[in-house]
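Chemist: Can you look at this prediction? I've put the sequence above it.
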Amino acid sequence: MNVQEIIDISNRLITERVEWDRIWENSARLVLPMQDREFRNGSANTGSREAVDGWAAGPRSVDKLAERFDITAVMAAERLATGLLSLVTPDNEKWMNLGISDPLGAVEASDEETRWLERQRDYLMSTMYTPATGWNQANGGAMRSMVVFGTGLYFLEEAWGKRGQNDVAVPYTFTPLPLSENYLTVDGQNELDNDYRRFRMSARTAATMFGANLSPKTLAMANDPQKQHMMVDFLHWVGYRQEAGYRADPARHSTVESVYLEVNNKHEIRRGGFNYFPVVAYQWNQVPHSPYGESPVMLVMAEIKGGNILAKNSLLSAQQMTRPPIGTADDSKMQRPNLNPGAINYGALDSQGRLKLQPIITAQNPSMVQTLIEASRNQIKEGLYTNLWQILIQNPQMTATEALIRANEKGELLGPIGTKIQAGLSHMTDCAMTILEGKGAWQPGAVLEPPSSLSGRNVKSKFNSPLDRMRRSGELVGIQRTFEAIAPIAQIDPSVMDQFDTDEIVKLAQEINGAPKKILRKPEDVAAIRQQRDQQQQAQQALAAAQQAGQAATGLTKGAPAVQGVMDAMQQGQQPQNG
């Protein structure tokens, strides 16, 4: 597509997304205050002015709720976002695994392959968590955006010359993408296939990013001290190619096309491409045939608005009781009453000593309002899963089995959203491995060279986060209960224990508890240890048998004279004597 076509499509998408922007603005104003202005004064205003001005000039009675009198939703949304981060992508755990791609699940990785996959996983995660990549900021921002707006985004691209700690080069970088700037489309499978990002940048900053590729007008602004901080409108489009690009484009055969351009000057800055779609999305509940999703905040928006109204009324009610309005007699000579402590109000009494001033107190009842507020807050907390985080805190004395059951319940409730987040993480992992493959990380002789048995086979991402383990904790509970039920029978008939594959139980416990594979010995080492143990047992049995045979022989030798005497006495017809 040429420059004008890209701009026209982005303007159309801006117009079509007006209702989403309205909903997101309300959500931001009440739950994410610092992002409120993004949807009112952000990059959308640089696109289709008619669309933005059209709805901005409409009824705005909701603006009366701009003040936040209750922060329950703010705290609950933050708790949910941080809770999901700790359950799905915890900083202190290996929440990601790699495996062999097999649709039928019939292929199981060998021990050598498993150890290489773990080494590859360790490299991916160690580089991701290098501060220079920006992973934590991008992941956390996308998670928070997903909770509030239903969709969270970040951009993954190859790093060129960027270095992290100890001057070690990082292979890729992550960039947060504000939802207000990105206009997305999906294909027939509801997968993202285009992103039109409309953003603003100062002329000076743009010059550091694009250099001489900028238009002459923008370059002149960047070199003018009085104009270098003026904002310029840009558009970055990435989308799957429908055909090969220009012959002069070195990335003309890449899977995804990338174009940077200046909107107002209609100037193409540069073209490029990716072998993967670089936009990663987390979606809470994706709307069919739409790139955007509903959020839990949207589902409880009515309670959030009502709670703010109730909180405001509660403050007004309490204020009317503590500082009520004053009614006075119609006395033009009376001055404005001074209600400060110790103040003297002349003329405040009539001739009979009665006050001419009386507080105006109606039927204010703050306790009733507080009851309504608490009910509203509980609804918000339920909708934003706040009560789930209290499961283990409410009963710290529970047994290990009870804790496993509770964890399994939490995993079942949060499991569906965890699966959706992991869909985005799986795409991110595929993109990162594509970058590493392009850098030659898997070439023969490279540090990450895979075993020959993996040649021509695809590697897929799997997950072993605390949330995944919570969902599988029911398996451990089942194992424990099975052993508890079998224990009385095993005391009568120990052979029932032969039905259990203890090796498989150990592997299962290692997977569910998240222990690394390397804590278990290799199968050949286990076989050697067992063989040696069997040989030692056989040797001990042989030695014990020999000792018993020797003792029997010694007993026969010592008893030979006595036996002979008995036989002689029997021949002579005499009774043998005792002893």
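Modeler: It's in.
Chemist: Chain neighbours aside, what residue packs nearest to His236?
Modeler: Distances taken as C-beta to C-beta, 6 or more residues apart in numbering place Arg197 nearest to His236, at 4.4 Å, with adjacent residues excluded. Any C-beta I mention is one placed from the backbone N, CA and C, and that applies to glycine too.
Chemist: quick one: that neighbour and Leu184 touch, right?
Modeler: No: between Arg197 and Leu184 there is no contact, the gap being 9.4 Å when judged by C-beta atoms under 8 Å.
Chemist: Show me the helices in the stretch 251-400 of the chain, by range?
Modeler: In the stretch 251-400 of the chain, the segments counted as helices under DSSP state H, counting those that start in this stretch are 296-299, 301-322, 366-383, 391-394, 400-438.
Chemist: thought Gly150 was touching Tyr292?
Modeler: Yes: Gly150 lies in contact with Tyr292 (C-beta under 8 Å); the separation is 6.2 Å.
Chemist: Mutual contacts of the two, please.
Modeler: Gln283 (C-beta atoms under 8 Å, 6 or more residues apart in numbering).
Chemist: Pick out whichever of the two has more residues nearby.
Modeler: Under the neighbour definition other C-beta atoms under 10 Å, Gly150 and Tyr292 were set side by side, and Gly150 has more, 26 against 21.
Chemist: which ones are touching that one?
Modeler: Applying C-beta under 8 Å, 6+ apart, the residues contacting Gly150 are 283-285, 292-295, 298.
Chemist: if we can go back for a sec, isn't there a helix covering the residue nearest to His236?
Modeler: No: according to DSSP: H, G, I helix; E, B strand; the rest coil, Arg197 belongs to no helix; its state is strand.
Chemist: which residues sit in contact with it?
Modeler: 177, 181-183, 235-237.
Chemist: Quick one, which of these are buried?
Modeler: When those are checked for burial by 16 or more other C-beta atoms under 10 Å, the buried set is 177, 181-183, 235-237.
Chemist: quick one: which of these sit in strands?
Modeler: Among these, the ones falling in strands (DSSP state E) are 177, 182-183, 235-237.
Chemist: Dump the residues you listed into CSV; add distance to Tyr346 as well.
Modeler: Formatted as CSV, those follow (distance: C-beta to C-beta, whole Å):
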residue, distance to Tyr346
Leu177, 68
Asn182, 68
Tyr183, 69
Leu235, 72
His236, 73
Trp237, 76
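Chemist: Return the member of those residues nearest to Lys94.
Modeler: Using C-beta to C-beta, Leu177 comes nearest to Lys94 of these, at 26.5 Å.
Chemist: secondary structure class for the nearest residue to the closest one once chain neighbours are set aside?
Modeler: Counting by C-beta to C-beta, 6+ apart, Leu177 lies nearest to Leu153, which is 3.9 Å off, once chain neighbours are set aside. Following three-state DSSP, we place Leu153 in the strand state.
Chemist: can you map out the strands along the stretch 51-200 of the chain?
Modeler: Taking DSSP state E, counting those that start in this stretch as the criterion, the stretch 51-200 of the chain carries its strands at 96-100, 151-158, 172-177, 182-186, 192-202.
Chemist: Comparing those, which comes out most buried?
Modeler: Of all the strands of the stretch 51-200 of the chain, strand 151-158 has the most neighbours on average by mean count of other C-beta atoms under 10 Å, namely a mean of 24.
Chemist: what residues does it touch?
Modeler: Applying C-beta under 8 Å, 6+ apart, the contact partners of strand 151-158 are 138-139, 141-146, 171-179, 182, 274, 278-284, 291-293, 295, 428, 431-432, 435, 438-439.
Chemist: from these, which would you call buried?
Modeler: Buried by 16+ other C-beta under 10 Å: 138-139, 141-146, 171-174, 176-179, 182, 274, 278-284, 291-293, 295, 428, 431-432, 435, out of the contacts of strand 151-158.
Chemist: contacting residues for Thr133?
Modeler: Residues near Thr133 by C-beta under 8 Å, 6+ apart: 127, 159, 164, 170, 172-174.
Chemist: Hmm, which of those residues is lowest in pLDDT?
Modeler: Lowest pLDDT within the contacts of Thr133 is found at Gly164 (52).
Chemist: quick revisit: tabulate the contacts of Thr133 (TSV), appending distance to Gly383.
Modeler: Output for the contacts of Thr133, formatted as TSV (distance: C-beta to C-beta, whole Å):
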residue	distance to Gly383
Thr127	37
Ala159	40
Gly164	40
Val170	39
Tyr172	36
Thr173	35
Phe174	30
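Chemist: Quickly check those for the two that are furthest apart.
Modeler: Spanning the widest gap among the contacts of Thr133 are Gly164 and Phe174, at 12.7 Å by C-beta to C-beta.
Chemist: Give me the pLDDT for Gln536.
Modeler: Listed pLDDT for Gln536 reads 84.
Chemist: which residues touch it?
Modeler: For Gln536, no contacting residues are found, by C-beta under 8 Å, 6+ apart.
Chemist: from what I can see Gln358 touches Ile326, true?
Modeler: Yes: here Gln358 lies in contact with Ile326, judged by C-beta under 8 Å, at a distance of 7.2 Å.
Chemist: Lys460 belongs to a helix?
Modeler: No: secondary structure of Lys460 (three-state DSSP): strand, not part of a helix.
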